[in-house]
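1. Okay, here's the prediction I keep looking at, along with the sequence it came from:
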Amino acid sequence: MPQRDNSMVQRATAIAVLVGWGGLLFANEIELSQRVDDVFADLDRTDSPGCAVGVIQDGRMIHRRGYGMASLELGVPNSPRLVYYAGSVSKQFVAASIVLAAQQGKLGLDDDIRKHVSEIPDYGDKITIRHLVHHTSGLRDYLRLMHLAGMRAEDVHSPTETLDLIARQVGLNFKPGDEYLYSNSGYFLLSEIIRRATRQSLREFARINIFEPLGMIHSHFHDDRKMIVPSRAAAYSRSGPGAFELNWFLNFEQVGSGGLMTTIEDLALWDSNFYDNQLGAGFLEQMHEKGKLNDGTEIDYAFGLMVQKYRGVDMVAHGGAMMGFRSNFLQVPDARFSVLALCNLAQAAPGKRSVEVAEIYLGDRLGDKPAEPAPKGPDSDARRSAWKPSTEMLERLGGDYRSEELAVTYRFERRADSLRFNGIGAITPASLKPVAPNSFSASGLEFVFAADGESFELRGGRVRNIRFVRLR
C-alpha cells in the first residue's frame, strides 16, 4: 500500500480545521444577526414603518437589514440602500465641514462669529465658531423659538427668516463658554458661516470635500424643498394602536442643525473614514476634540459627536430626531465596531436599540451595566405649588403681552381660580399651574411675572428669559 505524502495530509487537515472554524464563525454570525432581528422584531412588519440598520465590525458590514416599510402608501420596504433624513446626525458633517474649511484657511475656529455673520448682535462677550460647535455659545435654540413664536415647521421658512429670528434675540441663555446647552441655532449659523467664508453652500462644500472623496454618492444636504430625491423614505408617527399618520414636513429645508439625506451604505463609508482617514492630516483628532467651559471643565460634546464612556468602553455617538425621522450613529472605536440606524417612525428609539445591538456583539468586553436610576421623588413643581395666587392677582395678570424678540403676542385670561394661556400655533391652550410666587408653568414652559404684572419672562428648555411686555 503506497504511503501518503505527509505534507498533503497536513494541508488537508489544516483545510478541514479552517473550514470547521469558518463554519463555526459563520454560524455564530448568523446567531448574532438573529438576535439583532429580535431587537427590531416589533418593527419588522408590512403594516408598520421601522428602520434601516447596519452593523460594522473591522470594516465589514456584518449585518444589514431593513425592518418595516419605507412607504406604507406604496408598499416599499425599508432598506440600507434607501435615503432617509438623518436629523442631528447631520451635525458631525457640518462640524467636519468647519474643520476642513479651517484647514483650508477660510476661517478660524476662534473667530468671532460676527466676523462672518454681522447680523448677530454684540452681546458684550465674544462668541466664537468653537462655541457654536460645542453648544456653549448661549444662543437660544431657533427651533424652540419658532415653536414659541407660533411658526409652523411645515410652512416655508427661508434661511433669511431663520437668521432674522436668531438675530432679533436681545439676550443669551448664558455667557458664552459658561455652560453646555444644546442649540440648533449654533449649527444653523455654522452652515451660514460656511456659505460666507467659502462662497459655497454647505450642500456644495460637503459634496466636494466630504461626500465625493468618500464615495457617498447618495448623500446631500437638502436645502431645496423642490428637489426630487430618488429612493427617499417617508416618515410617520403612531396615531393609535396599529395606526400611523404621515409626519413629514416636505417644506423644511433648513440645514446645519440637520438636513442631511443619506443611506446606511453611505454612512458605512463615513464610518470607515474614522479608521482609514482620507480627509487630511489632523482631521480625526480635531473631530474628537471635546469642548471646554470657561472654568476648564471638559464636556463630552466634541465636533458634532458625543465622546464618552459606556460600561467602561469609549463610545462615540450622536442621535437625530426631526419630524417622524429618527437616527443614531454609534461607534466603539477600540473594537472597530459600529451600529448605524436610520428610522422613519417617530417612536422607533434607535439610540436605545443601537446600544442593545452593541451589547449583543460586545457583551464580554463591557463592564457592569449602570445601576437603574433611583425612583424620583415629588417633582419640584409639586413641592412648590403650595403657593396660591389671589383672585385679584389673577385678574391683574390677565391681558395681552408682546415679545418683540419673537414678534408674537400671548393672551392670558382669568378663569375661575386659575390663569389661562390661550395658546398659539402648536402650543395648545392651558390653565397655568402656580409653582412659586409670581411664577406659573404649563406645557413645559415657565412664566415668571413681574410683581406689578406689567411684564413676564418666558423660560423653556433651550430658551431662557424671553421678555414679554403688557400691551395697552
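-> The structure has been received and is ready for your questions. Numbering: from 1, shown residues only.
2. Now do the domain split for this structure, please.
-> Per automatic domain parsing, the structural domains of the chain span 84-365, 380-470.
3. Give me whichever of these is most buried.
-> domain 84-365 (a mean of 19; mean count of other Cβ atoms under 10 Å). Every residue, glycine included, has its C-beta placed from N, CA and C.
4. quick revisit: could the domains of the chain go into TSV alongside mean pLDDT?
-> Formatted as TSV, the domains of the chain follow (pLDDT from 0 to 100):
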stretch	mean pLDDT
domain 84-365	97
domain 380-470	90
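5. Let's have these in TSV, adding distance to A70.
-> As requested, these are exported to TSV (distance: least, Cβ to Cβ, whole Å):
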stretch	distance to A70
domain 84-365	4
domain 380-470	27
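6. all helices of the chain, in order?
-> 6-39, 91-103, 129-134, 142-148, 159-167, 184-198, 202-206, 212-214, 264-273, 283-287, 350-362, 380-384, 391-397 (DSSP state H).
7. Quick one: closest of the ones you listed to L406.
-> The closest of the helices of the chain to L406 is helix 142-148. By Cβ to Cβ, the value is 5.7 Å.
8. ok, back up a step: tell me which of the helices of the chain approaches G304 most closely.
-> helix 91-103 (3.4 Å).
9. Against which helices or strands is the closest one packed?
-> Applying 3 or more Cβ pairs under 8 Å, 6 or more residues apart in numbering; DSSP states H and E, we find helix 91-103 packed against helix 129-134, helix 184-198, helix 202-206, helix 283-287.
10. Other residues contacting that helix?
-> Around helix 91-103, the neighbours that count as contacts under Cβ atoms under 8 Å, 6 or more residues apart in numbering are 107-109, 129, 133, 187, 190-191, 193-194, 197-198, 202, 205-206, 209-210, 221, 255-258, 260, 270, 279-280, 282-283, 286-287, 303-305, 318, 329.
11. I'd say E446 and G461 touch.
-> No. E446 is beyond contact range of G461, at 10.0 Å (criterion: Cβ atoms under 8 Å).
12. ok, back up a step: now render the helices of the chain as TSV, adding distance to M227.
-> What follows is the helices of the chain, written out as TSV (distance: least, Cβ to Cβ, whole Å):
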stretch	distance to M227
helix 6-39	33
helix 91-103	18
helix 129-134	27
helix 142-148	22
helix 159-167	15
helix 184-198	17
helix 202-206	10
helix 212-214	18
helix 264-273	17
helix 283-287	28
helix 350-362	25
helix 380-384	45
helix 391-397	48
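13. With respect to L340, which of those lies nearest?
-> Checking the helices of the chain against L340 by Cβ to Cβ gives helix 264-273 as the closest, at 4.7 Å.
14. Quick one: residues contacting R225.
-> So R225 contacts 156, 250-253 (Cβ under 8 Å, 6+ apart).
15. between the domains of the chain, which gets nearest to I56?
-> domain 84-365 (4.3 Å).
16. first to last residue in the closest one, what's the distance?
-> With Cα to Cα, to the nearest Å as the measure, domain 84-365 spans 32 Å from end to end.
17. Determine how far that domain lies from the middle of the whole chain.
-> Going by Cα atoms, centre = their mean, to the nearest Å, the spacing between the C-alpha centre of domain 84-365 and its chain's C-alpha centre is 6 Å.
18. What of stretch 422-441?
-> 27 Å.
19. what sits up against it?
-> Residues contacting stretch 422-441 (Cβ under 8 Å, 6+ apart): 147-152, 380-381, 384-385, 387-389, 408, 410-413, 415, 418-421, 442-443, 445-451.
20. try stretch 117-130
-> By Cβ under 8 Å, 6+ apart, stretch 117-130 touches 98, 107-114, 116, 137-139, 163-164, 166-167, 169-172, 175-176, 189-190, 192-193, 196, 291.
21. What of stretch 304-314?
-> 91-96, 133, 187, 287-288, 290, 300-301, 315-318, 332-335, 355, 362, 365-370.
22. Would you mind finding the longest strand in the protein?
-> strand 313-322 (DSSP state E).
23. List the neighbouring strands of that one plus their orientation.
-> strand 306-310 (antiparallel), strand 325-332 (antiparallel) (DSSP bridges).
24. got the CA coordinates for that strand in CSV?
-> Extracted as CSV, the C-alpha positions of strand 313-322 are listed here (Å, rounded to 0.1, in the frame of the first residue of the first chain):
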residue,chain,number,x,y,z
VAL,A,313,-15.5,51.4,27.0
ASP,A,314,-15.1,54.5,24.9
MET,A,315,-18.2,55.2,22.8
VAL,A,316,-18.7,57.9,20.1
ALA,A,317,-22.3,58.6,19.2
HIS,A,318,-24.9,61.1,18.1
GLY,A,319,-28.7,60.8,17.6
GLY,A,320,-31.1,62.6,15.5
ALA,A,321,-34.8,63.4,15.6
MET,A,322,-36.9,65.6,13.2
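25. quick one, it and helix 184-198 angle?
-> Taking axes from the mean of the first three to the mean of the last three Cα atoms, to 10 degrees, one finds that strand 313-322 is oriented at 90 degrees with respect to helix 184-198.
26. Report the inter-axis angle for strand 313-322 versus helix 350-362.
-> Orientation check (the same axes, to 10 degrees): strand 313-322 against helix 350-362 gives 150 degrees.
27. so strand 313-322 versus helix 91-103, what angle?
-> Relative orientation of strand 313-322 versus helix 91-103 (the same axes, to 10 degrees): 100 degrees.
28. How about Q104, nearest residue that isn't a chain neighbour?
-> Spatially, and ignoring its direct neighbours in sequence, Q104 is nearest to T198 (7.7 Å; Cβ to Cβ, 6 or more residues apart in numbering).
29. Quick check: that neighbour touching N209?
-> No. Between T198 and N209 there is no contact under Cβ under 8 Å: 9.1 Å.
30. Not counting residues beside it along the chain, what's closest to T409?
-> R402 (4.9 Å).
31. Tell me how far the one you found lies from S455.
-> Distance of R402 to S455, computed by Cβ to Cβ, to the nearest Å: 10 Å.
32. How about G319?
-> Taking Cβ to Cβ, one finds G319 at 37 Å from S455.
33. pretty sure H157 is touching M151, no?
-> Yes. With contact defined as Cβ under 8 Å, H157 counts as touching M151 (6.7 Å).
34. hmm, back to that, return the member of the contacts of R225 nearest to L340.
-> Of the contacts of R225, the one sitting nearest to L340 (Cβ to Cβ) turns out to be F252, at 23.0 Å.
35. What residues does the closest one make contact with?
-> 153-154, 157, 225, 322-323.
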